[in-house]
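J.: Model the following, please.
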Amino acid sequence: MSALSFKDLDVWFGEGRDRVDAVRGASFEVAPGESFGLVGESGSGKSTIMRALTGLAPHWSGRMAVNGRDVPPGKRRDRAFYKTVQMVFQDPYASLHPRQSVDQVLSETLYLHGFRDVEPRIERLLDDVGLGPTFRFRYPHQLSGGQRQRVAIARALAPEPAILLLDEPTSALDVSVQAEILNLLTDLRTEHDLTFLMVSHDLAVVAHMCERIAVMRAGEIVEVMGVDEMRAMRPGHPYTQSLLEASLGYHRG
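T.: Just a heads-up that it's a prediction; the model follows:
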């Protein structure tokens with residue numbers, strides 16, 4: 001059984017003459033424990049797939065499933081969904097409430113998901129993401145970009161999900177910090193037996209993080225390939241070839 005399954009997924013915005021088809025006929029599966037990447041230029045539909053899955057883009061048709069369970073149409077997702085699937089957004093400052101301390105952010109999430117042993121869980125979450133107890137009562141404006149993203153990752157881990165959706169998780173960070181966050185995510189995936197679905201326009205990031213990728217262009221998946229094939233410059237589609245040639249110098253660390 002796949003951790004994530006997408007079959008003939010169409011996602012659109014607006015209606016009638018104002019309708020924009022953002023994703024068309026997307027089909028792929030992500031195995032349990034796999035790290036799968038969605039790559040392509042800006043506007044190709046990568047993040048829209050994640051938004052449809054989480055209910056942030058409610059207009060879609062086709063089939064989406066999490067651990068074999070179909071995702072219902074519309075905006076609402078039940079608590080069981082968010083217990084299994086969590087998302088780390090691109091901009092950690094925008095995704096954290098500016099007037100909530102780290103303690104409030106994590107406490108609220110834990111209580112929302114029914115945990116009562118909040119104190120030890122907060123300490124463990126901060127330790128998991130490489131932040132000590134001194135960060136617990138700080139506010140977002142008192143943290144660096146990398147520290148804010150670590151808090152966002154800790155919040156995503158709080159419900160003990162099996163699947164993390166990573167929407168360009170390092171693109172808003174300084175280059176010097178990006179590798180630290182990517183290495184942290186790699187370690188957390190192993191420690192917590194996580195499945196990743198990762199969106200990125202950076203092939204170097206995908207090569208470092210993922211085993212397989214789906215290449216998107218203008219809302220359509222043109223190719224699904226292994227990262228080893230990507231590294232060996234053996235794509236099956238001309239568009240993938242052009243992406244690879246445009247990013248010469250990438251390598252898997």
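
J.: least trustworthy helix or strand in this structure by mean pLDDT?
T.: None of the helices or strands of the chain scores lower by mean pLDDT, DSSP states H and E than helix 92-95, at a mean of 81.

J.: Any buried residues in it, and which?
T.: 92, 95 (16 or more other C-beta atoms under 10 Å). For glycine as for every other residue, the C-beta is placed from the backbone atoms N, C-alpha and C.

J.: what's that helix packed up against?
T.: helix 145-157 (3 or more C-beta pairs under 8 Å, 6 or more residues apart in numbering; DSSP states H and E).

J.: what separates the helix it packs on from the chain centre, distance-wise?
T.: A distance of 13 Å separates the centroid of the chain from that of helix 145-157, by C-alpha atoms, centre = their mean, to the nearest Å.

J.: and what of stretch 61-75?
T.: 17 Å.

J.: ok, residues contacting that stretch?
T.: 1-10, 25-26, 32, 52-53, 55-56, 58, 60, 77, 81, 84-85, 162-163 (C-beta atoms under 8 Å, 6 or more residues apart in numbering).

J.: Over to stretch 102-114?
T.: 79, 82-83, 96-97, 100, 118, 121-122, 125-126, 131, 135-139, 143, 151, 154-155, 158-159.

J.: what's the answer for stretch 210-229, then?
T.: 21-28, 34-41, 44-46, 48, 196, 198, 206-207, 230, 235-237, 239-240, 243, 252.

J.: PyMOL command for the buried members of these?
T.: To isolate the buried ones among the contacts of stretch 210-229 in PyMOL, judged by 16+ other C-beta under 10 Å, type:
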select buried, resi 22+23+24+26+28+34+35+36+37+38+39+40+44+45+46+48+196+198+206+207+230+235+239+240+243
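
J.: Take the contacts of stretch 210-229 and keep only those in helices.
T.: Judged by DSSP state H, the subset of those located in helices is 46, 48, 206-207, 230, 239-240, 243.

J.: so where is the stretch 101-250 of the chain shaky, pLDDT-wise?
T.: 248-250 (pLDDT under 70).

J.: quick one, strands of it?
T.: With DSSP state E, counting those that start in this stretch as the definition, the stretch 101-250 of the chain shows strands at residue ranges 163-167, 195-200, 212-217, 220-226.

J.: so how far is Thr134 from Gln142?
T.: Taking C-beta to C-beta, to the nearest Å as the measure, Gln142 falls 11 Å from Thr134.

J.: Tell me who's in contact with Trp60.
T.: 9-12, 23, 52, 73.

J.: Pick the most deeply packed of the strands of the stretch 101-250 of the chain.
T.: The highest average neighbour count among the strands of the stretch 101-250 of the chain, using mean count of other C-beta atoms under 10 Å, belongs to strand 195-200 at a mean of 25.

J.: Report all helices and strands that that one contacts.
T.: strand 35-39, helix 46-54, strand 163-167, helix 203-209.

J.: C-terminal to the longest one, what's the next element?
T.: This points to helix 46-54. Counting by DSSP states H and E, the next helix or strand C-terminal to helix 46-54 is strand 60-66.

J.: Mind listing what's buried along that next one?
T.: Within strand 60-66, the residues that count as buried by 16+ other C-beta under 10 Å are 60, 62, 64-66.

J.: Could you check the angle it makes with strand 163-167?
T.: 130 degrees (axes from the mean of the first three to the mean of the last three C-alpha atoms, to 10 degrees).

J.: CA atoms of strand 60-66 as CSV?
T.: The C-alpha coordinates for strand 60-66 follow below in CSV (Å, rounded to 0.1, in the frame of the first residue of the first chain):
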residue,chain,number,x,y,z
TRP,A,60,-10.1,19.2,-7.8
SER,A,61,-11.1,15.9,-9.3
GLY,A,62,-9.5,12.5,-9.6
ARG,A,63,-8.3,10.5,-6.7
MET,A,64,-6.0,11.2,-3.8
ALA,A,65,-5.3,8.7,-1.0
VAL,A,66,-3.3,8.6,2.2
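
J.: For that strand, give the mean pLDDT please.
T.: Strand 60-66 shows a mean pLDDT of 97.
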